[in-house]
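Enquirer: How does the following fold in three dimensions:
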Amino acid sequence: MGLIPIQSNLEGRTYALYKLEEIIKPLGYSIGGNWDYEKGCFDYKIDEEDGYQFLRVPFTAVDGELDVPGVVVRLGTPYILSHVYQEELDDHVNTLTAGTSGMDQFAEPKDPDGDVKRKYVNIGKVLIQELEKHFTNGE
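Expert: Take a look at the predicted model:
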């Protein structure tokens, strides 16, 4: 149960990416690191208890590519994402990144799709409602 979709009236709407960023970034969202030329997401870190819990708002390019100014994107279904990390050292050390110390600074996920607690789903719903208000007022 690591991904919990949250229904939103923003789903399917299209926006110029720059306009979307102007509205969403001041609210605490950042573009997730897993974007490519056709799709990406905005992430809002909800908490770091028992791993990391994010509200993720995915988007897909519909006119242009994400690295091109003026690209238009379509919003997907927002969801809560939970990553639970190991507390001990990673036993799969990458010798290329570990250097001479023999330790890798990045822990392997204990459960990359960890269970999402009900409180994070509720927080995500409130965040989506807040986001929807900004888009209705900001259009």
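
Enquirer: low-scoring stretches of this protein, by residue?
Expert: 1, 84-115, 137-139 (pLDDT under 70).

Enquirer: residue boundaries of the helices in it?
Expert: Using DSSP state H, the helices found in the chain span residues 17-24, 95-98, 118-138.

Enquirer: Remind me what the longest one packs against, helices and strands.
Expert: Identification of packing neighbours for helix 118-138 by 3 or more C-beta pairs under 8 Å, 6 or more residues apart in numbering; DSSP states H and E yields helix 17-24, strand 39-47, strand 52-63, strand 79-85. The C-beta positions use only the backbone N, C-alpha and C, and glycine is treated the same way.

Enquirer: any chance of these in CSV, plus distance to Gly32 and mean neighbour count?
Expert: Below are the helices and strands packed on helix 118-138 laid out as CSV (distance: least, C-beta to C-beta, whole Å; neighbours: other C-beta atoms under 10 Å):
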stretch, distance to Gly32, mean neighbour count
helix 17-24, 12, 16
strand 39-47, 4, 19
strand 52-63, 7, 20
strand 79-85, 9, 20
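
Enquirer: Work out which residue lies at the spatial centre of this protein.
Expert: Nearest to the mean C-alpha position of the chain, counting by C-alpha atoms, centre = their mean, stands Asp43 at 2.9 Å.

Enquirer: For that residue, give the beta-bridge partners.
Expert: Ser30, Arg56 (DSSP bridges).

Enquirer: In this structure it contacts Ser30, no?
Expert: Yes: in this structure, Asp43 is within contact of Ser30 by C-beta atoms under 8 Å, at 5.8 Å.
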